[in-house]
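In: Take a look and give me a structure for this.
(one chain, ligands or ions: 3)
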Amino acid sequence: MAPAGLFVTGTDTGIGKTVVSCALLHAFSAEGHTVIGMKPVAAGCENGQWQDVENLKKASNVSMPQSLINPYAFVEPVAPHIAARQAGIVIDLRVIRQACEQLQAAAEVTIVEGIGGFRVPLSSSGTPNGRYDTSDLARVLGLPVILVVGMRLGCLNHALLTARAVESAGLKLAGWVANTIDPEMLQPAANLQTLTEWLDCPLLGVLPFQEQLDVQQLAGLIDLSRLE
Ligand SMILES: Nc1ncnc2c1ncn2[C@@H]1O[C@H](COP(=O)(O)OP(=O)(O)OP(=O)(O)O)[C@@H](O)[C@H]1O
Ligand SMILES: C[C@H](N)[C@H](N)CCCCCC(=O)O
Ligand SMILES: [Mg+2]
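Out: Numbering: from 1, shown residues only. Ligands and ions are numbered 1, 2, ... in the order given. The predicted structure follows:
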């Protein structure tokens, strides 16, 4: 059975969370499900658009208002709490949860793309309700987590730290995806083998580096039956 939702985190910013989120949307869609992507907090506007949000919308087969798909959008491509403080906005996790609930009511599967890595600050000094970060967002949404590992030197440490952080947040790591972002990486098979042994969750797929990205094709490489 398909999960009602998944929270897609990653070993860092820029390692393929959007690519994998879109591939997951296509994969569930190919199984006949209604699907919608969500980017709760986007930072970085290009030509009046937030690329992650546009890509997730393209990969979804249910359409919902932009304010629910992306409740918080900031122009500068910086850490979200810095952008929010500059804009005089407080990122409210309850607003995101309510938006997510509405998406979940409209589609069988909601794929929520995180922001940067697993512990990116969302509050800044003076924000009511103390300190909170993206792991608190994942907790508030209560969704199983998918870890995207951007395969490059350094990813072993980042992946294991993230898996430990997901566990300490009390969340389930439902699977991980190896995304080849550095085609020149040495010893890719040995690195993949190491993570397969050390991560205590199923490998859902190994995505190749694609000069010309085709997320629908990548979706075919994700094995949803392995989801825990
Ligand atoms: N398998 C791949 N092959 C080729 N390019 C890729 C692959 N995966 C990701 N990329 C490219 O790497 C860049 C970062 O990917 P993506 O936007 O999915 O990362 P992200 O983790 O969502 O980043 P952010 O933290 O900004 O949301 C993009 O330009 C994307 O097209
Ligand atoms: C702008 C970028 N693409 C992401 N949306 C935000 C990444 C925040 C990373 C913060 C950090 O860990 O230093
Ligand atoms: Mg992204």
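
In: Backbone dihedrals for the residue of the chain found nearest ligand 2, please?
Out: Nearest residue of the chain to ligand 2: Gly116, at 3.2 Å (Cβ to the nearest ligand atom). The C-beta positions use only the backbone N, C-alpha and C, and glycine is treated the same way. Phi and psi for Gly116, reported as degrees, to the nearest 10, are phi 60, psi -140.

In: what's the nearest residue to whichever residue of the chain sits closest to ligand 3 if we skip its chain neighbours?
Out: Using Cβ to the ion, the single residue of the chain nearest to ligand 3 is Thr18, 3.4 Å away. Excluding the flanking residues, the one nearest Thr18 by Cβ to Cβ, 6 or more residues apart in numbering is Asp52, at 4.7 Å.

In: and if you look at Ile82?
Out: Ile82's closest residue in space is Ser124 (Cβ to Cβ, 6+ apart), at 7.2 Å.

In: What's the local residue count around Leu122?
Out: 26 (other Cβ atoms under 10 Å).

In: give the contact list for Ala84.
Out: Ala84 is in contact with 72, 74, 90-91, 122, 124, counting by Cβ atoms under 8 Å, 6 or more residues apart in numbering.

In: what's the pLDDT at it?
Out: Ala84 carries a pLDDT value of 97.

In: Please give the element, helix or strand, for it.
Out: helix 80-87 (DSSP states H and E).

In: Please apply the same query to Leu161.
Out: Assigned by DSSP H and E, Leu161 falls in helix 155-168.

In: I'd like the distance from that helix to the chain centre, please.
Out: Distance of helix 155-168 from its chain centroid, counting by Cα atoms, centre = their mean, to the nearest Å, is 15 Å.
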